Structures are given as C-alpha cells and as structure tokens.
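S.K.: the sequence and its predicted three-dimensional model are supplied below.
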Amino acid sequence: MLPSDQPILVTGAGGFIGGRVVEVLHGLRGTSVRASVRRWSSAVRVGRLPVEIVLCDMTDPRQVRSAMEGIGAVVHCAYGDPHATVEGTRAVLQAALEARVDRVVHLSTMEVYGEVEGDLLEDAPLRSTGWPYRDSKIEAELLCRRYVDRGLPVSILRPTIVYGPFSRDWTVGFAERLVAGGTFPGRADCQGTCNLLYVDDLVAAIVLALDRNEAAGDAFNVNGEERLTWWQYLNDLSRAIGLPSLNGGHPLARRVRAAALAPVRATARRVLARYREPIMAVYQRSPVAQRLMRSVEGAIRRTPSPAEYRLFRRNVFLPVDKARGLLGYRSQFPVSRGLALSASWLRHHGFLGVPEPQW
C-alpha cells in the first residue's frame, strides 16, 4: 500500500513513538504524512519537518473527523488517561470507518496479557487486573475487534519495552538515575526478562502492517530477538553511557528504602493531581519550597518503586513468530546497537553532562 497519493494520519505525533513514526514515514519516498497533536507545544519535534500538522483532541469526534479528511491510512499512537485512551480510540475508529480508509494500525501494549509469565503468543487471553492503563488498553483492543467486524481493516500491534532516543521511561529516566547515583533493585531482584524493542524496529513493524494485506484484522506481538534480564539491560546501559557496572549487593536495604518511599509516591501523586496549580504557584514564589520539592522529587526518582520490583522479577517473553511469518518482520537493532545509538543521543542532548561540541 505504501506509498500512496493520500496522506497517512499519525495520531499522538507529539509523543516518543508517534514522533518517530512521522520521521520515518516522511523519509519514505512518495509518502505524505499528516501529524496529529493535542497541543501545539508538543509539535516541536515534528515541526522541523515539511509535514502537515493538525491540532486534534482525540476525544472530540468532530476534530477527529476533520483530521481524517482525505486520509488513506491511520497509525493510532495517541493515548492518555483511561477515558482518553478508550474514547479517543472509539472516535478514531468511527471516523476511519466513515472515511473508508485502507488501513488502521492501532498501537496496543504487551501489558494487555496481564502479569502472567512464560512465552505469550497472540492467542493468550487478555487479562484485566484493575490497573487503569492496562484495562483501558484492553478495552481499546476490544473496540478494534468490533470495528473489524464492521469491515474496518484494523491491525493491532502489541509492542514490548520500547527504548531509544526520546524514550522518557526506559532510556532517559534510567540514564538520569544512573548519572545521579540512584539505585535500582539488586541483582537477585532483576532476573526477570526485559523484552527490549528498539523504537525503529517498532516503526518498521508499523510500516509492514500498513503495507501487508495479511495484517488486516489481526494482532501481532512486536519484540526484539534477545532475552536479556533486566540486570543485564541496566548494566549494559550503564556501561554504554560511560559508567561502571551496578553494585548488586544489599538487596534488603534497597527493598526497605523502596517500601518506605511508597506512601510518599502515592501521596505526591494524589496531591499533585488535585492541587497542581496552587502548588506550582507556591513553588514559583518560594525558594524554600523549591528546595524541599526538588529534594523529595529527587529521592523518588533515584529510588526503585514497588512496581519496578514486580516488573523486574517477571519472567515473560513475547515471541514474534507470527509477525515474522505474516508480515516479514525482522529485528534490525540488537541491544548493543540500540544502546550505542541511545547513548550517543543522550550525550548529544546533555543528559549525561556536557553535550558534544557542534562542529
């Protein structure tokens, strides 16, 4: 199907993955891209490209229908709180059905499988657990299935741990913690499988799903090829950015510190969610408040959370046999290469200290 005379709409183009999808699609000869962002401030990355950028709140069906006009295909990367994720997906699917687009590629997540372990193929059941993010992604997938039954050619991709340049969770956040001397769970608590997927491998799978008729109406795991433990990833990342290997000792002290900060994390989230504006007003006026809040935030960022302990212990792997067989997907970025590229980007953008000189 690629390239086409009609543009490809990318929702969530201001985000980590959506931004990279726009960059790659723009680089494909003859492919026109329309980048959808919720606010103009998030268009900084894609704004340097000669692509069409539209302002669109995914939960507003009128704005979505407007963004969908003249579109040939959709890559749906946008998500938000549970309501925005579900209703945004509903609006995108309905508008795509009305516009009779050739393909919708919906980005889901490996989390729809729940917290089970082992090798999980695409026919494994989707498990709601009460975690709003996971449950909303499951509901969004169920919506996709309903629209497939109505004749809309939707492909569902379930990526794993997506890392690389601009990855706030798995690249920038971890690197900043390492540079700041923060801690991670110890060796014994990091023996779960880290399903690492470099962002460009995911984008390649998206392009294949847009292009292959076999992708319509089906779901695919998208993962890297290597079965590293989280301990291996954290140490490989540390060495890639020029730091020593991690200290794997004193697991009890780490767990106690993580448990002690757990209520602080929860309280901070609740207070910020309810009183963000007055808190930020105090922060801007008071140097004392600034020091206190930075100290608390720094302690939280440098300390592993209970959720990290659960994730880092989990032994689960998503094989990609189906994507390999039906789409021709192949991972082109082994972890060594992906980390080298990520470290170079981190250094260039000043996350590791003084950025490289610009010649």
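M.R.: Cool, got the structure. Numbering: from 1, shown residues only.
S.K.: thought residue 102 was touching residue 154?
M.R.: No - using C-beta atoms under 8 Å, residue 102 is not in contact with residue 154, being 11.2 Å away. C-beta here means a position set from N, CA and C on the backbone, and glycine is covered the same way.
S.K.: more neighbours: which of these two?
M.R.: residue 154 (29 against 17; other C-beta atoms under 10 Å).
S.K.: pLDDT score assigned to that one?
M.R.: On pLDDT, residue 154 comes in at 98.
S.K.: isn't it up against residue 216?
M.R.: Yes - with contact defined as C-beta under 8 Å, residue 154 reaches residue 216; the gap is 7.2 Å.
S.K.: all helices of the stretch 101-250 of the chain, in order?
M.R.: 132-149, 173-179, 199-211, 230-240 (DSSP state H, counting those that start in this stretch).
S.K.: tell me which of those helices is the most buried.
M.R.: Highest mean neighbour count of those: helix 199-211, a mean of 23 (counted as mean count of other C-beta atoms under 10 Å).
S.K.: what helices and strands are in contact with that helix?
M.R.: helix 16-27, strand 73-76, strand 103-107, strand 154-159, strand 161-163, strand 219-222 (3 or more C-beta pairs under 8 Å, 6 or more residues apart in numbering; DSSP states H and E).
S.K.: is it possible to get CSV of those that adds distance to residue 135?
M.R.: Listed next are the helices and strands packed on helix 199-211 as CSV, based on distance: least, C-beta to C-beta, whole Å:
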stretch, distance to residue 135
helix 16-27, 21
strand 73-76, 18
strand 103-107, 16
strand 154-159, 15
strand 161-163, 20
strand 219-222, 17
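S.K.: for residue 309, find the nearest of these.
M.R.: strand 161-163 (16.0 Å; C-beta to C-beta).
S.K.: give me the distance between the closest one and the centre of its chain.
M.R.: 7 Å (C-alpha atoms, centre = their mean, to the nearest Å).
S.K.: rounded mean pLDDT for it, please.
M.R.: Strand 161-163 comes out at a mean pLDDT of 98.
S.K.: again, but for stretch 41-58
M.R.: 95.
S.K.: dump it to PDB, keeping only the CA atoms.
M.R.: Only the C-alpha atoms of stretch 41-58 are listed here, as PDB (Å, rounded to 0.1, in the frame of the first residue of the first chain):
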ATOM      1  CA  SER A  41       3.700  22.800  22.200                       C
ATOM      2  CA  SER A  42       4.100  19.000  21.600                       C
ATOM      3  CA  ALA A  43       4.800  19.600  17.900                       C
ATOM      4  CA  VAL A  44       8.300  20.800  18.400                       C
ATOM      5  CA  ARG A  45      10.000  17.600  17.300                       C
ATOM      6  CA  VAL A  46       7.900  17.000  14.100                       C
ATOM      7  CA  GLY A  47       7.600  20.700  13.400                       C
ATOM      8  CA  ARG A  48      11.000  20.800  11.800                       C
ATOM      9  CA  LEU A  49       9.700  18.500   9.000                       C
ATOM     10  CA  PRO A  50       7.700  19.700   6.000                       C
ATOM     11  CA  VAL A  51       4.700  17.600   7.100                       C
ATOM     12  CA  GLU A  52       1.100  18.800   7.700                       C
ATOM     13  CA  ILE A  53       0.400  19.200  11.400                       C
ATOM     14  CA  VAL A  54      -3.100  19.400  12.700                       C
ATOM     15  CA  LEU A  55      -4.400  20.100  16.200                       C
ATOM     16  CA  CYS A  56      -6.800  17.400  17.300                       C
ATOM     17  CA  ASP A  57      -8.100  16.200  20.700                       C
ATOM     18  CA  MET A  58      -8.800  12.500  20.100                       C
END
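S.K.: can you give me the buried ones in it?
M.R.: Neighbour counts over stretch 41-58 (16 or more other C-beta atoms under 10 Å) mark 42, 43, 45, 46, 49, 51, 53, 54, 56, 57, 58 as buried.
S.K.: is the last one in a helix, a strand, or coil?
M.R.: For residue 58, the secondary structure call by DSSP: H, G, I helix; E, B strand; the rest coil comes out as coil.
S.K.: quick check: closest non-adjacent residue to it.
M.R.: residue 88 (3.1 Å; C-beta to C-beta, 6 or more residues apart in numbering).
S.K.: in the chain, which ranges drop under the pLDDT threshold?
M.R.: 1-4, 248-303, 354-359 (pLDDT under 70).
S.K.: domains for the chain, by residue range?
M.R.: With domains defined by automatic domain parsing, the chain comprises 8-159, 167-195+225-315+332-359.
S.K.: just these: most buried one?
M.R.: For the domains of the chain, the highest mean count by mean count of other C-beta under 10 Å goes to domain 8-159, at a mean of 19.
S.K.: tell me what the host helix or strand of the residue nearest to residue 58 is packed against?
M.R.: Per DSSP states H and E: residue 88 is located in helix 82-99. Packed against helix 82-99 by the contact rule (3+ C-beta pairs under 8 Å, 6+ apart) you find helix 61-67, strand 73-76, strand 103-107, helix 132-149.
S.K.: can you list those in a markdown table and add distance to residue 182?
M.R.: Shown next, in a markdown table, are these (distance: least, C-beta to C-beta, whole Å):
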| stretch | distance to residue 182 |
| --- | --- |
| helix 61-67 | 40 |
| strand 73-76 | 34 |
| strand 103-107 | 30 |
| helix 132-149 | 24 |
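S.K.: compare these and give me the one nearest residue 188.
M.R.: Of the helices and strands packed on helix 82-99, nearest to residue 188 by C-beta to C-beta is helix 132-149, at 26.4 Å.
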